[in-house]
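S.K.: here is a sequence with its predicted model. Questions after.
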Amino acid sequence: MKHGFWVIILIFFMSCNDKTKKDEKAEVVYDMYVPSEMTVLMKELYAFNLQLKKQVVNDETLTPLPEQFLNIHTAQLSNFKARTERFKSFSNIFLTAQKEIYNTKSDISLKDRFNNTINTCISCHSLECTGPIPKIKKLLISQ
Ligand code: HEC
């Protein structure tokens, strides 16, 4: 049992990090890993913004924002995580920034609007889930 305790602690800390690193004992304890809706959404968000980055850099037409991103408010988090008020406000700040990328009348340059969005991803992650931050930082367009 002493061992099991550490496995649970390990899962807790790795929960929002790379799931593939989880050891086999952890799989036995928790059955198969089923990604939360939030994890699926985050992967889509990442892929979408990677594509958007290329379009911004190459001055191409931007792919419209997929509707499902608005689900960040309702997508289920990994079971042990509750949605806090702070989380909700970070979701709003993020969505506002992401939509602002499409505001062609903005005084802020497209590149800055894109980077602002990525910085809102990082802000939420610095409080909720620090693991993917290095990966997210790579989305930033260098000035
Ligand atoms: C409102 C907070 C919040 C915002 C904003 C946010 N994230 Fe996340 N992100 C999370 C949480 C929480 C998780 C962990 C999901 C879980 O465990 O259910 C996560 C998980 C991830 C993951 C890991 C998914 C996996 O493979 O397990 C990536 C990558 C990621 N986010 C990228 C991004 C990117 C890119 C953005 C911005 C375009 C972003 N996130 C914006 C909170 C946020």
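M.R.: Thanks, I have the structure now.

S.K.: excluding its backbone neighbours, what's nearest the residue positioned nearest the centre of the chain?
M.R.: For the chain, the residue nearest the mean C-alpha position is Met42 (4.2 Å; Cα atoms, centre = their mean). Excluding the flanking residues, the one nearest Met42 by Cβ to Cβ, 6 or more residues apart in numbering is Pro132, at 7.6 Å. C-beta: built from backbone N, CA, C; applies to glycine.

S.K.: quick check: that neighbour touching Ser126?
M.R.: No. Using Cβ atoms under 8 Å, Pro132 is not in contact with Ser126, being 10.9 Å away.

S.K.: which one of these two has more residues nearby?
M.R.: Pro132 (17 against 11; other Cβ atoms under 10 Å).

S.K.: and that one, how far is that from Leu139?
M.R.: 11 Å (Cβ to Cβ, to the nearest Å).

S.K.: now swap in Thr39 and tell me
M.R.: Distance from Thr39 to Leu139, by Cβ to Cβ: 17 Å.

S.K.: any residue of the helix or strand Lys111 falls within up close to the ligand?
M.R.: In this structure, Lys111 sits in helix 110-128 according to DSSP states H and E. Yes. Interface with the ligand: helix 110-128 contributes Thr120, Cys121, Cys124, His125, Glu128 (Cβ under 6 Å from any ligand atom).

S.K.: excluding covalently adjacent residues, which one is nearest to the third one?
M.R.: Looking back up the chat, that one is Cys124. Spatial nearest neighbour of Cys124, chain neighbours left out: Phe90 (3.9 Å); criterion: Cβ to Cβ, 6+ apart.
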